[in-house]
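> please work out how this folds:
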Amino acid sequence: MCELLLHNGAEINARNSVQSTPLVLASSRGFVDTVAELYRMGGDLTAVNTQQNHGLQMASFHGHLDMVKWFLSAPRLGTATAVYLNHRNIDGNTSLSLAVRLRTHSHSRESSYRHCQSQWRSAFASESHSTPTEALRLVAHGCP
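Predicted coordinates for the structure are as follows:
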């Protein structure tokens, strides 16, 4: 479907009234196949909306684990991965803090956030030690 729309003149990185691109919107709904297709056709993974949320942040916020896994599974961003993972929206939230907010059940939000933030800093203290697997463990599974 994406290919048909683009072939007929649709803009891959068009923006709506809140500056979300099709990729950001599909990410927020957990449409993995659609996001993969949009990316393959030139969709911008780093595009942000007016709240400064990109696709990974939207997937984290809405609890779409498969979508988060997709973002973290393949080397799409190269050396920009650490910057992308640490990007903050206008409320100061990263993908990690959005996932933690969603997944906080038995612990107080503040203590859970501090615990995860400590693990996050350790795992990503140097970019050479950061891996998609570590990011996936911390972000998608909400810090063990």
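> for this structure, which segments count as helices?
2-7, 22-28, 32-40, 55-62, 65-73, 81-85, 95-103, 109-123, 132-135 (DSSP state H).
> what is the rounded mean pLDDT of the shortest one?
Helix 132-135 comes out with an average pLDDT of 47.
> which phi and psi does residue 91 have?
Note on residue 91: backbone dihedrals following degrees, to the nearest 10 are phi -90, psi 0.
> show me the contacts for it.
Neighbour list for residue 91: residue 51 [criterion: C-beta atoms under 8 Å, 6 or more residues apart in numbering]. Bear in mind the C-beta positions are built from the backbone N, C-alpha and C, glycine included.
> separation between it and residue 46?
Distance of residue 91 to residue 46, computed by C-beta to C-beta, to the nearest Å: 19 Å.
> least confident secondary structure element in this protein?
Least confident helix or strand of the chain, by mean pLDDT, DSSP states H and E, is helix 132-135 with a mean of 47.
> next one: phi and psi at residue 14?
When read as degrees, to the nearest 10, the backbone of residue 14 gives phi -60, psi 150.
> I'd say residue 42 and residue 14 touch.
No - in this structure residue 42 lies outside contact range of residue 14 using C-beta atoms under 8 Å: 11.9 Å.
> buried set for stretch 15-33?
20, 21, 22, 23, 24, 25, 26, 27, 28, 30, 31, 32 (16 or more other C-beta atoms under 10 Å).
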